[in-house]
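Student: prediction below, plus the sequence it came from.
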Amino acid sequence: MTAKPKLALYWAASCGGCEIAVLAIDEKILEVAAAFDIVLWPVAIDAKARDVEKMADKSIDVCLFNGSIRNSEQEYMAQLLRRKSKILVAFGSCAHEGCIPGLANLAGREAIFDYVYRKSPSVDNPQGIVPQPEVQVPEGTLHLPMFYDTVKTLDQTVDVDYYVPGCPPEAENIYSIVVAVIAGLKGAPLPPAGTVLGKETTVCDECERTREEKKIKAFKRTWEIIPNETECLLEQGLVCCGLATRAGCGALCPKVNSPCIGCHGANAGVVDFGARMMTSLASVIDSDDPAEIRRIIQEGIPDPVGTFYRFSLPHSLLRRSALSGNGH
Amino acid sequence: MQRISIDPITRLEGHGKIDIFLNEEGEVANAYFQIPELRGFEVFCVGRPAEDMPNLTDRICGVCPEAHHIASTKALDALWHVDPPPAAKKLRELMYSIFYATDHTTHFYALGGPDFIVGPDAPAAERNILGVIQKVGMDVAGKVLKMRHDGHYLIQMMAGRRVQPNWGLPGGVSRGINEEQRQEIEKLGRDAIEFALFSLQAFRDIVLGNKAYVDLILGDIYTHRTYSMGMVDANNRTNFYDGMIRVVDPDGKEFVKYAPKDYLNVIAEHVEPWTYLKFPYLKKVGWKGLVDGNDSGVYKATPLSRLNAADSLATPKAQEAYEEFFKTLGGKPVHATLATHWARLVELLYATERWVELATDPEITSPNYRTIPTAVPDEGVGTVEAPRGTLTHHYKTDSRGILTEVNLIVGTTNNYAPIAMSCKKAAEKLIHKGKVTEGLLNMVEMGFRAYDPCFGCATHSLPGQMPMEVRLRGPNGEVLEVLTKNLA
Amino acid sequence: MSDERFEPKIVAFLCNWCSYRAADLAGTARMKYQPNIRTIRVMCSGRVDPTFILKAFSLGADGVMIAGCHPGECHYLVQNYKAMRRYEMLRHTLLAMGVEDHRLRLQWASAAEGNALAAAINQMIDQVRALGPLDWPRFWHENAGHQEAIARLPHEHAEALEVSA
């Protein structure tokens, strides 16, 4: 009787949402447990890092790796799991694009440290003690990972075989991928390496709101207006990222009157999510006057980086903001 | 000294490791609970429009995004000086109650519960949700899966998505519910009440009916006498959505009751160099280290501490369960950390009853679920009880509502000191003469699991390398050398 | 201190009908402008996707120019207005990312304006030279010591006592 294929799930700089998303496949989790030997999944089972170190290279059939890479331990685990796994999947927005914590690329270690350990109003630290990678205590030495200035995606760290987009991925999509993987391990053809396992159209295609012509004289912030339930949110002046975002969610947020924030990442063929947002919104501004255009943009989009690169800053072409003190 | 490392800790949200040092006799000299993760929310949220915060802070934690979403939304109300219509508050509390029920279920059956249901030193391969399902059978597994399914389904219906909602706004929520939805919410809520009663009975049967477990719960290994914190309404009954924060001392007497916006008068955070997480403590008592007692500013913010801090619960069946809880455990306050698992199930029952109460409120389908703010935003604090502890969001903005400062005190952060103490004490009491097994190490981990920790939440912030002081100590603890760098 | 003066690398997207012809004119009439620009001919300034500009910066360009027909004179009628709006969006975003204003320039030049285009190019090169090299990829470099920190981890794990089940 052949052994079951081995499945690993690991989290780096993550929030746990991808774990909850996997559990959101509900009773189908039992199919997964029946089909695989789950060898690593810190949220649910008790395997430890040393257990992984002892595994033979390529003995893990599939590793679903969520979370971005922002310290030395996470980079180490990414390298380790790449060695031990036949197929390594960047699972969820953090691993794929960096996700919201990727906005930390607008800052660096020094600035962040300065607030958390000194300036935060609740901190009581007159000596300015800060965490250290190595600390001598009476009993021995304690270690902490080294924190990076810049958040990296998984594929900026190791070679990645597939990507599953979404923050987190939707349960239905997770399940269909699991089914495809099980079939693939039994010999069915797998997609080419580097494929993003998702739809190839935008959220607009899944959205039921009506679309007419877009002529924007002003962008509105979500707190300023109460949109109606039937018309395109962009046409009502809200900055909706659906037009650049990969479909797969069923346009859930517009169903509750909230504009899409882009959590499924860039659509197929889009190199830089923010660039696509910029060009699409530029197309619908209803003005030819440079001063008016500038005013519409500055008033309506006070935070371009947070709006255009909310989920994708580390994965974008520029990856981060300028960082003083770095480089030559 | 010999070092044992539990790395990583498992069956919780987040990252951590426990280093246990054994002296020459094989006894535990010390145990350190280190948190190696951070992401920096308080800094990278500066510059963002404040109304983005419910969505941004969702990503502090994908297990409890609803907690951040609601705390953030309340901070936005305060920031923009807008009072949402009553229906909006009820809708928020309804969604929040549904979330609470789902989340507490996940913890009991998948994270902390396996230690009791399968056994604390059962083989590692069985100590997990799959082992639980094997032990309790598919029928029970079906109930658990239904509860989680229903909860996620309703959260998506109300707030946009199962995980990471997109719903809260200053002055209200983005969408209400219609009568058809309300009926479904009510029906599934009644199912949920039954499930909560079932879970409490399961606890009685599996845990309270097992003398070894009862001894474990009541024993000294996992007991710490600390202050207890929880949010209460005007009648000192637990409320997860709104109220004042009440702290009682280790003897159960009220120590302070404060409004969320005054949190800085009550709480401060202590820093240690061997971990990225800070240790909140009660300012007026002071930081005395990782120790128990009335003179130590350490406090717990957990389901257990919430029951200690409240005088009663606001729904009838949960109130009965509250009374049974304290009667069985010998009165208030209870300091047996493992009893937190039981307290969590009492809260599960309260959450489900509150769910049905709100779902049958005549105003819940009102179309008046938003008030547009008109004031200029400046500063606001929003606090809720997250499943894992009192959660505070504090925002400052410029006149356009662009964030200039963010401070967060997150559920599990409150509990870092007691968690560290619980694991250290468990290690000291369980490991002797150098005899360590994997099962014993799991029992050390049980010290933290009762708190249902969420270290993604706790460690939203990121430090760096800056001024430092390193103390080199000799074998007797004497300071041999002090090295400093960049100290002002 | 290097003896070499910093010479900026500037990528210029020139539209086929107006600004590329202006550059041609400057060339054939021997109007001098500094040799720091690399030209890319596009059919219209409206063809320029923000991706191209971001890519140029990410590959090490110190500045990017987009040059097109004057508003109202676009060969394709109104596409240079799109270029104008895209430029405003990009400028707004790039400033927030820490790319200084003069590194991105939108320049109108008709086919006859070889002089004006040469002058604008010279001005931009001088402005970017004064700003210094951008060398964007240097911001991605991680701090010294991270490889050593990674390499230490298996040793830290191995030093701890092995515990059996």
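Tutor: Yep, that arrived.
Student: got the residues of the stretch 101-250 of chain B near chain C?
Tutor: Remark: the part of the stretch 101-250 of chain B in contact with chain C comprises B:123-124, using Cβ under 8 Å from any Cβ of the partner chain. Yep, even glycine has a C-beta here, placed from its N, CA and C like the rest.
Student: how about 10 Å then?
Tutor: B:121, B:123-125 (Cβ under 10 Å from any Cβ of the partner chain).
Student: out of these, which is nearest to chain A?
Tutor: When those are ranked by distance to chain A (Cβ to the nearest Cβ), residue B:124 comes first, at 4.3 Å.
Student: quick one, what contacts residue 120?
Tutor: I'll assume chain A. For residue A:120, the contacting residues are A:114, B:42-43, B:269, B:278, B:394, B:405-409, B:461, taking Cβ atoms under 10 Å, 6 or more residues apart in numbering or on different chains as the criterion.
Student: that answer is for a different chain, and I need it for chain C
Tutor: Here residue C:120 is in contact with C:19, C:22, C:33, C:65, C:67, C:105, C:107-109, C:113 (criterion: Cβ under 10 Å, 6+ apart).
Student: among those, which ones are in strands?
Tutor: Under the assignment DSSP state E, the contacts of residue C:120 contribute C:65, C:67, C:105, C:107-108 to strands.
Student: buried subset of those residues, written for PyMOL?
Tutor: Command for PyMOL that selects the buried part of the ones in strands among the contacts of residue C:120, burial taken from 16 or more other Cβ atoms under 10 Å in any protein chain shown:
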select buried, chain C and resi 65+67+105+107+108
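Student: quick check, central residue of the chain?
Tutor: Let's take chain A. Note on chain A: the residue nearest the mean C-alpha position is residue A:93, at 1.9 Å, using Cα atoms, centre = their mean.
Student: oops, chain C please
Tutor: Short answer for chain C (Cα atoms, centre = their mean): residue C:64, at 3.2 Å.
Student: tell me the confidence at that residue?
Tutor: pLDDT, residue C:64: 98.
Student: and the gap between the closest residue to residue B:124 other than its chain neighbours and residue B:340?
Tutor: Leaving aside its sequence neighbours, residue B:124 sits nearest to residue A:46 (Cβ to Cβ, 6 or more residues apart in numbering or on different chains; 4.3 Å). In this structure, residue A:46 and residue B:340 are 20 Å apart, going by Cβ to Cβ, to the nearest Å.
Student: what's the pLDDT at the residue of chain C at minimum distance from chain B?
Tutor: Residue of chain C nearest chain B, by Cβ to the nearest Cβ: residue C:160 (3.8 Å). Per-residue confidence (pLDDT) for residue C:160: 86.
Student: residue B:398 now?
Tutor: The predicted local confidence for residue B:398 comes out at a pLDDT of 98.
Student: pretty sure it contacts residue B:378?
Tutor: Yes - with contact defined as Cβ atoms under 10 Å, residue B:398 and residue B:378 form a contacting pair (8.5 Å).
Student: identify the contacts common to the two.
Tutor: The contact sets of residue B:398 and residue B:378 overlap at residue B:404 (Cβ under 10 Å, 6+ apart).
Student: neighbours of residue 153, just the number please.
Tutor: Chain wasn't specified; assuming chain A. Using other Cβ atoms under 10 Å in any protein chain shown, residue A:153 is surrounded by 23 other residues.
Student: that answer is for a different chain, and I need it for chain C
Tutor: Residue C:153 has 21 nearby residues by other Cβ under 10 Å.
Student: check the one 10 residues further on too.
Tutor: A count of neighbours around residue C:163, defined by other Cβ under 10 Å, yields 17.
Student: now residue B:313
Tutor: Once other Cβ under 10 Å is used to define contacts, residue B:313 is seen to have 24 neighbours.
Student: dump the residue contacts of it.
Tutor: Applying Cβ under 10 Å, 6+ apart to residue B:313 gives the contacts B:237-239, B:306-307, B:319-323, B:346-347, B:349-350, B:353-354.
Student: hang on, the earlier thing: settle it for me: which of residue B:398 and residue B:378 has more neighbours?
Tutor: Relative neighbour count places residue B:378 above the other of residue B:398 and residue B:378, with 16 against 13, counting by other Cβ under 10 Å.
Student: the more buried one contacts residue B:402, doesn't it?
Tutor: No - counting by Cβ under 10 Å, residue B:378 stays clear of residue B:402, with 11.7 Å between them.
Student: secondary structure class for residue B:406?
Tutor: Assigned by DSSP: H, G, I helix; E, B strand; the rest coil, the conformation of residue B:406 is strand.
Student: what about it, distance to chain C?
Tutor: 18 Å (Cβ to the nearest Cβ, to the nearest Å).
Student: pLDDT score for that residue?
Tutor: Residue B:406 carries a pLDDT score of 97 in this model.
Student: same thing with the one 3 residues further on?
Tutor: Note for residue B:409: predicted pLDDT of 94.
Student: quick one, phi psi at it?
Tutor: In terms of degrees, to the nearest 10, the main-chain angles of residue B:409 are phi -120, psi 120.
Student: residues touching the closest residue to it other than its chain neighbours, list them.
Tutor: Leaving out its chain neighbours, the residue that sits closest to residue B:409 by Cβ to Cβ, 6+ apart is residue B:392, at 4.4 Å. For residue B:392, the contacting residues are A:122, B:71, B:74-75, B:245, B:260-261, B:263-264, B:267, B:381-384, B:386, B:407-411, B:413-414, taking Cβ under 10 Å, 6+ apart as the criterion.
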